[in-house]
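Trainee: only geometry, no sequence info:
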């Protein structure tokens, strides 16, 4: 029995590669909720997120032969969902990366802290951020991507990702403090 994390659900993946609909359904059931949560955080519209999830699973199963266990199946699928969600925003002409248009003149030093016990304020604050800032916060803090991965996903430099994250965090603290 393999204990390598990259081979999580390997048996289901291999059966799905052979066209086993039952195995595909089992993979779908294992990952649909997590993938929906990722898409809804990026897109923010329930119906669009549901469509993205369906399209992502169809694409994943059609291209399963390209999956080589260089990452976990969940990570591979997550990348598909994120890319489809971001492409959806681009098609709707919702700005994803031109964050410089949302420049806020904030002092460089902020001593204010966010109370960790008030999650609802944080969620509300994230929802009030401009779309570009919301993207960076979601990808970095919630999804756990590093700045290099974010730069690849959004097509920006890693230094841009870092600076935009810093600005987004300051803006989020400012919003939370006014709630």
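Mentor: Arrived safely, thanks for sending. Being a predicted model, the structure only gives us computed values, none of them experimental.
Trainee: how near is the residue nearest to residue 143 when sequence neighbours are not counted to residue 154?
Mentor: Nearest residue to residue 143, sequence neighbours excluded (Cβ to Cβ, 6 or more residues apart in numbering): residue 38, at 6.6 Å. From N, CA and C alone the C-beta is placed, and that goes for glycine too. Residue 38 sits 15 Å away from residue 154, going by Cβ to Cβ, to the nearest Å.
Trainee: right, and the helix or strand after the helix or strand of the chain with the lowest mean pLDDT?
Mentor: Ranked by mean pLDDT, DSSP states H and E, the weakest helix or strand in the chain is helix 147-154, scoring a mean of 82. Sequence-wise, the next helix or strand downstream of helix 147-154 (DSSP states H and E) is helix 158-178.
Trainee: ok, and for that next one, which residues are buried?
Mentor: Across helix 158-178, burial judged by 16 or more other Cβ atoms under 10 Å covers 160-165, 167-173, 175-176.
Trainee: quick revisit: show the contacting residues for the residue nearest to residue 143.
Mentor: Counting by Cβ atoms under 8 Å, 6 or more residues apart in numbering, residue 38 touches 78, 81, 82, 85, 143.
Trainee: The residue lying closest to residue 151 once chain neighbours are set aside: what's it in contact with?
Mentor: Nearest residue to residue 151, sequence neighbours excluded (Cβ to Cβ, 6+ apart): residue 158, at 4.3 Å. By Cβ under 8 Å, 6+ apart, residue 158 lies in contact with 147, 148, 150, 151.
Trainee: Test my guess that the first one contacts residue 164.
Mentor: In this case it means residue 147. No - here residue 147 lies out of contact with residue 164, judged by Cβ atoms under 8 Å, at a distance of 9.5 Å.
Trainee: what mean pLDDT does the helix ranked longest in the chain have?
Mentor: Looking across the chain with DSSP state H, the single longest helix is helix 21-43. Mean pLDDT, helix 21-43: 93.
Trainee: Buried ones in that helix, by neighbour count?
Mentor: So for helix 21-43, counting by 16+ other Cβ under 10 Å, buried means 23-24, 26-28, 30-32, 35-36, 38-43.
Trainee: Separate out the buried members of the contacts of residue 158.
Mentor: Buried among the contacts of residue 158 by 16+ other Cβ under 10 Å: 147, 150, 151.
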